[in-house]
Every structure is written in C-alpha cells, then in structure tokens.
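In: One predicted model, sequence on top.
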Amino acid sequence: MNFKKIEKKWQRIWKQKGIYKTKDKVRGKNNFYHLVMFPYPSGNLHIGHWYNFAPADVFSRFKRMSGFNVLSPIGFDAFGLPAENAAIKHGIHPKDWTYKNIKAMTVQLESMGNMYDWSRKIITADLEYYKWTQWMFLQFYKNGLAYKKNAPANWCPKCHTVLANEQVVNGQCERCEAQVVKREIEQWLFKITDYAGKLLKDLDGLDWPEKTKTMQKNWIGKSEGVEIKFKIQNSSRQNKFDADLAESVNVFTTRLDTIFGCTYLVISPENQMIENLKLRIENYDEIIKYVKQAKKKSDLQRTDLAKEKTGIELKGIRAVNPFNNEEISIYAADYVLGHYGTGAVMAVPAHDERDWEFAKKYNLPVKITICPNYPAPVCPVLEEAYTGNGHLINSGEFNGLISQEAREKMAKWLEEKKIGSRKINYKLRDWLVSRQRYWGAPIPIIYCDKCGVIPVPEKNLPVKLPNVKNYLPTEEGKSPLAHSEKFVNVKCPKCGAKAKRETDTMDTFVCSSWYYLRYTDPKNNKKFADAKKMKAWLPVDMYIGGAEHSVLHLLYARFFTKVLNDLKYLNFKEPFSALRHQGIILGPDGQKMSKSKGNIVDPDELVKNFGADAVRMHLCFMGPYDQGGLWNPTGILGIKRFLDRIFAFTQKLINDQRPTISDKNPKLEKLLHQTIKKTGEDIENFRFNTAISSLMILFNEMEKQPLLKIENWKLIIKLLSPFAPYLAEELWQQLKNKKSIHLEPWPKYNPKLIKEEEFELIIQINGKVRDKVLVSQNIAQKEAEKLILSREKIKSFIANQSIKKIIFVPNKLINIVV
RNA sequence: GCUCCUGUGGCGGAAUUGGAAUACGCGCGGCGCUUAGAACGCCGUCCCGCAAGGGUUAGAGGUUCGAGUCCUCUCAGGAGCACCA
C-alpha cells in the first residue's frame, strides 16, 4: 500500500470538492459545534498537538456521520509572549516568525487529514481579528469593567512584563519559569471579580471534568462570613488632630463563633490604618521599617509556610471587642494579606493555627471558647489550636450553643446592633490584562492632558500594531511601542489637541477569550459575529484541550461570555457546554518531552514512515484519551499491520472472481452488529482505544471467512473511516463508490441481531468457578439448578457436603454454597 | 501540610451495576516461507505443579455467596491548593 500517494491524492480531492466546508444550516440536520483549543504558532506541530487534534477529529467525523451538521474549525492563537520570545531568540521579527510558523503548521495540520473547515481559519494577530479584540476592550471599558490602577503587580524580570495572577505558578512565570517579583506599575485590569459569584454558580450545569470544575471553584474561592467593626479605643497619646481618623477597624471572619476568644487584632502591612493613625502610634518609625520590609518581599516569600511568622505591635492604640468590650492590642504582620477581605483579621489563637503560632511566638493570651467534645463540661488544655466546631464556653449569652447555631445568632446580633454584617469574599482577583510587550493587540486608549483617559472611538478601530524595528522588551516597565513616536503621538479624538496613545498591549488570553465566537462568522467586518450565525452554532457543544488551561483560558472565556451576555450580544451564559481534556504524551523515558532531553517524538517522521492514518489511529489506541502516557516507539507497528491487512484483504475481495453474495454466517453477522454498536458508543464516550480493539476483533474474525458479503465488508470500512480517513476513502473508491465515504451515514446496527440466544452459564461452588455450560438465554433458576446438579463434575465437587444456599444471577452465573 | 486521582503480565492497556481477571496490541519464543535477512503467515506466551489442582490485580486487614471494582490503614507515583482568616 502506497499511503503517501493515497494521502496526497485525497488531500487534493477533498479540497477540490470542498467536502469539509460547513454550511450554517443543513435541512434535517442539527448543528453540532465541536471545537479544539487552537494552537500557538510556536514552530512545528508536535506529537502533543496530534494527540489533541487527531482523536478529536475521530469524534468530529463520527458526529457528522451520525447525522449532525458539524462545525470543526481551526485557527492560530498568534499573539503573545511565547511566540514573541521564540522570535527574539531566533533574531526574527515576531510578525515574520509567527506567520512563517503558521504557514508551516498549516501544511502539517492538513497532513493529519482532519475535517477542518479551512475557510473559517482565524489568526488572532490579523488586523481583521484584533480589531474586534480591541472593540471588546472598549465595551468592557465603557461598562466599567476595564480600569487602570497603580499597584504592586507580578513582574517577570525575564519577560519584562507584568503577569496575571493566574500566570504565576509557585511564584514563577508560567512561561519562562523566572522568579516573579513585585513591582509598582500602572496597569489595566478587567473586573472579573464582579462575576465571581456567577462564575462559581454556573459551573454546576456544565458537562466538564469534575476536577476542572473543582479547580475553578478553588481558584474563585468563595467564603461566607461576617465583617465586624472593632472600635479603636482612645489612647493616652490621643490628640485633637486625628480624632476623626480611623475610629474603627473592620475585620472579616468565617468563624464568628470564636469571637469571644479573640485576644488581639492583626492588620496587613499595607493597611491604610497605619497612616491614618500615624500620630497616635507610639512606635510609628519602627512600624514603617517593618512595612517597608514586607512590601519588598515577593508573594512567594511572604506566603512561605515554612518560615516563622513575624509581626509588630502598634503601640499606643487598642481595639475593643464588640462582644465582650475587652480591650485588645493590634499587630501588623505580613501573614495577613492586604488584598483579601478587609486586610485585617481578628486573632483567635485557641481556634486558629496561624494565630496560635503567632501568639506563642509573641506571648499573647490564649482563650478557649470552643469545646470539641460536646457536651463535655471541661475543656482540655490545648497543645495546639482546636479548629473544629464545638460548643461555646466563655462566650457570655451564647454559651452552650454549637458553632453552627452560634454563627447564625451572633451574626443577627451584630446586624441588629449595626456593628457588622454578613459578607461573602472571594479569593479571585481582577484580571491584569496589560503587557509591556510588543507582540499583542494594542490597548485602544488615548491620554489627553485636557480630556484625560479617552477610549479610541469605535470607528477608528483597529489601532494598528506598527511594524517597528525595535520590538525588544525593555527593562523600564514600558512597552517597546513607547519608542515609536509615530505610534504614540496622536490627536485627542475629543478635543483635537496633542495626545498620547496607551503603549501597552493586551494579554494573549484576551484574544483567546472570544475566538470561538468568531469562527461562526470569521469574515464579518461589521460585527465581531452575526447574531443569527452565533445562534445557529453556539454555545460550543464539545470542547477539547489541555487541562493546563483549567483556570486560565477556560475561566477568562467564561467571563467574556457572561459579560457579552449581560451586554445583550449573546443569548447564552456559558461558552462550552461540554469539555474534555486530552492527556499528556511523555517521551519513551517517561519524562516530559523537551529538546534538552532529546526525547522528542517528531510526528512528521512518523507520518513519513507509517502514514498519517497509522499515526492518528495509534494515538487513539494507546490508552484512555484523558490519560496520555509514554510514547512507545514500536507500538505503532500493530496499527500499521492492521491497516495493511485491511488494505490487502480488500484487494483480495475485489479480485476474487467468485460470487461473494451467498455466504450466511449468523455468528459473524452478530459480531458485526455488536461491533457497530460498541464502536459508536465508545467514540461517543472518548474511548477510542476500546473502539479500535473491537474493530480488530471483528476483522480478525472476518479475515478467517473464505466468502464474505461485500456489503458487510463495506460496513467495516465505514467503521474505520473516522480513524483512518485516507485509507477508508481510497478503499471506498475501489469498492466502486462515487461519493466520499465521509459523507456516508454511520451504519445502523440491528438490535435483533445483537441479542444472544445462548450464553455460557458460569457454575461456581463457594465462589470458585468449577464448570460452565452453554444454556439458552433467560433460563429460569429452577431449570438451571436442575441442570447443573445433574452434572458429574459438580456432583463430585459437592460430594457429600450439604448445599446451604444457591445464588443465581440471571444470564450470568450460578453459585452453590456448601 | 491539606485535597483529589492513579497503582492489573516483560510493556501500552481490557474488564456495564460487585459476577469467568489479563480482551486488543506491542514484545518475546517456536515453526513455516526464504540462499539468508526483512516482510508476511501459523502456533505459543501471568506464576507454581507431571497432573488433579492451587495461587495472582502495590501491601495488610475488612464487608460479601462472590472484590481489580466497596470500606479502613500502609506504601509508591502524579496533579492541584497552600497563611484567603
């Protein structure tokens, strides 16, 4: 079999006939939008791409054969850091690099034989695309969802840009793994926190892997509690000037039930209170020294659990616990985070591990208020914090309540006295979208001395990314675009005076947050996509991609959809109804593939040696799709042999002069129909490996038949066609069919033929298999008992033991307990 | 530290709801074809035992007539979270 010739031939014909062009509507067929996460044009397609795209294409093809009008688009996530970093490394302009790679990767993608509708290809770095990315930014801005602020941000010193929280992994840059540092810099953010509640709640209705949902839930991090006002007590050093300032400090807690055990407060070093009470804090200078130190630390240093907590008392001021009116001291400590809750906590050392540790170190009072072994009257001496629920003691009128009740009653008490209220906090922080880099969509904002921050009018979009020579990132925290006078200097759209453009570009994740919408109408130059077309396809019915995007792309895309839904551009709230992740392919050594380790498997080489069909099919056959696994260099031979045998057998059938119609083989017919059923169900459930093994079992049987109905053989070619589209098409033509096999419907199985009339009854004695016998389906227990007890083998096993019990499982087994 | 997932032959892996463990493929061994090899075809391939039979799903216990599957503990590997009050 000359697979190279076959692949070339069909690539040409498929393109010519446009069999993969997708219409927005086909009569009698439901639309099905099947999407794979589009690739970065980072260089070459690697085996991981193949593992992502090839089995996904099997699913696409199966859906299409099953009667759906399937949209299966592809494109390139072309803007962004990785592509730009690679370009710089090779000394090539990012634009040239990116488009050169897109060209090469397109050829590689075409070789896979996927049913992509190439007429819908999108490239996020194209002017026609990023015009709409900028338009999206403007909508966010106009609706108060994009804002600029100056605050410490995650700065990657190697990539010379700020990063979103989601892009910092263990204190390192997600891409280059450099240690991220804190840097004060003006930056643009999207108010994703406004959507925290909805992003959390709507996860419930999605057909997504539970793990992914859990990860998003944890990232959003909802916690319910109360915010309480602690009054600041007048101190000896009070003077008239600061009387109005900071009369109280707000804390957030989820453990209101422990408040009688609160023996001090802790505020974060960033807390404004320190400045507000400057004149009253006796050791202000010392405090400021501590604050400066804390601010210098990176998040990673600050959150290092292994390190001892540090803190410093704000001398001269004290707070009052509203529940028992006790005066307590106030500390500043860097284990309290400035950006979460109120940036201040009530410390309950007896019932919180962190407070316990801190209290032991600074010798602060510990007061037990929760007893674990309810209703035990005496609480044990604590050796560590007791953080569980229990019944309350030392808690005034709330004594004797259990934690859950107490939280409820105490919250009411607070609200009645107007010194606190229920509050929900989220860990999620706003999405930092500006990047001080060249290769991205420019943020469409203009700064005018007179008019202030002015969004670029929509009619002036796109703000074109200039083709500058100096695109290298800079140290000073500014985009390289800042050096381009031509780009920067602009007239204010409002007053016409001299103004300056924003020079930061957008995070690549902004581009990929809406691309799935654009595929439905990729050429539209009036809107990002036509509403009718979006309605025809969206939301995405099945989305496939790597699990590494669980809290990045997938969260951002959901956020975009919700915003556009609120702005009435979309009629749905979730972009991806169903989601599946492919696993990761490791090198033969069990290590992650990398150039330095020299364990990279080159898909082009494999295609050259074994053919695209074999590569596709082997990837499907390796194991469960979401599991991935190590690459076994010889495993693909099995698939290659299988395909060769299919080819040879077809030739034999075609050349065989004898009439092949006459065969009657009910056993084989049954197996054929069982296989049609199983293959379809397995593909539907992403169990490609077992689908293929059932095809192999069927073929092994068929091959043994000297005479075979050609119509039955055609069915097996159809079953094969999603896996091996080239070979199937070639054989289909050889079997004298004019239309493409890929436009054929999936074979239907005959339910009557599948049914077994007989089955092998397993005979167990004390749970051990001792014998088996062929009996008719649905045999009754009595009949079965009679039958097996008369068998010599069983008789001898039972001998003279008495039968205690007989367990009968219909159509499976019978177990005699003696 | 916490949470979740995974552990089945020499290897990748099968095994509806608890009901024949090791399907399918790789590899290996033997034979055939061949001057020889490659390719291909056929047969064999969990362990002990001549056999009857017995044992085996990381390890130890438990529930059950019956456990790879459910429960408890231990070990190993992986993923995620990690001062969020």
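Out: Looks like it arrived, so ask away. Numbering: from 1, shown residues only, chains lettered A, B, ... in the order given.

In: Name the helix or strand for the closest residue to RNA strand B within the stretch 551-700 of chain A, please.
Out: Per CB to the nearest atom of the strand, residue A:638 is where the stretch 551-700 of chain A lies closest to RNA strand B, at 2.3 Å. Any C-beta I mention is one placed from the backbone N, CA and C, and that applies to glycine too. Taking DSSP states H and E as the definition, one finds residue A:638 inside helix A:636-655.

In: And that helix, what's buried?
Out: A:636, A:639-640, A:642-643, A:646-647, A:649-650, A:653 (16 or more other CB atoms under 10 Å).

In: My guess is residue A:343 contacts residue A:268. True?
Out: Yes: at 4.4 Å, residue A:343 and residue A:268 qualify as touching, with contact defined as CB atoms under 8 Å.

In: which of these two has more neighbours?
Out: residue A:268 (24 against 21; other CB atoms under 10 Å).

In: does residue A:568 count as helix, strand or coil?
Out: coil (DSSP: H, G, I helix; E, B strand; the rest coil).

In: Near it, how many other residues are there?
Out: The burial count for residue A:568: 8, using other CB under 10 Å.

In: How much space separates residue A:693 from residue A:616?
Out: 16 Å (CB to CB, to the nearest Å).

In: out of those two, which sits in the more crowded spot?
Out: residue A:616 (28 against 15).

In: which other residues reach stretch A:394-401?
Out: Contact with stretch A:394-401 is made by A:257, A:259-261, A:323-324, A:367-369, A:391-393, A:406, A:409-410, as judged by CB atoms under 8 Å, 6 or more residues apart in numbering.

In: Likewise for stretch A:796-812?
Out: So stretch A:796-812 is contacted by A:759, A:761-762, A:765, A:770, A:777-779, A:781, A:784-785, A:789, A:814-818 (CB under 8 Å, 6+ apart).

In: can you do 6 Å?
Out: A:759, A:765, A:770, A:781, A:814-818 (CB atoms under 6 Å, 6 or more residues apart in numbering).

In: Could you list the buried residues of it?
Out: A:797, A:808.

In: And that stretch, how far out from the chain middle?
Out: When distances are taken as CA atoms, centre = their mean, to the nearest Å, stretch A:796-812 is centred 53 Å away from the chain's centroid.

In: ok, now which ones touch the residue nearest to residue A:576 when sequence neighbours are not counted?
Out: The spatial neighbour of residue A:576 that comes closest, neighbours along the chain excluded (CB to CB, 6 or more residues apart in numbering), is residue A:543 at 4.1 Å. With contact set as CB under 6 Å, 6+ apart, residue A:543 has these partners: A:35, A:576, A:579.

In: Any idea what residue A:543 is bridged to?
Out: Per DSSP bridges, the residues bridged to residue A:543 are residue A:35, residue A:579.

In: Run through the strands of the stretch 401-550 of chain A in chain order.
Out: Assigned by DSSP state E, counting those that start in this stretch, the strands in the stretch 401-550 of chain A fall at A:420-426, A:431-432, A:434-435, A:445-448, A:452-455, A:489-491, A:498-501, A:505-506, A:542-546.

In: same deal with the stretch 51-200 of chain A?
Out: Using DSSP E, counting those that start in this stretch, strands in the stretch 51-200 of chain A cover A:68-71, A:75-76, A:122-123, A:146-156, A:161-163, A:168-169, A:172-173, A:181-190.

In: nearest to RNA strand B, of these?
Out: strand A:168-169 (6.4 Å).

In: Buried only: go through the contacts of stretch A:394-401 for me.
Out: A:257, A:259-261, A:323, A:367-369, A:391-393, A:406, A:410.

In: Could you single out the nearest of these to residue A:625?
Out: Nearest to residue A:625 among these: residue A:257, at 47.0 Å, using CB to CB.

In: contacting residues for the closest one?
Out: By CB under 6 Å, 6+ apart, the contact set of residue A:257 is A:403, A:406-407.

In: Take those residues and write them to CSV, including distance to RNA strand B and pLDDT.
Out: Converted to CSV, the contacts of residue A:257 look like this (distance: CB to the nearest atom of the strand, whole Å; pLDDT from 0 to 100):
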residue, distance to RNA strand B, pLDDT
A:403, 13, 88
A:406, 14, 92
A:407, 11, 93
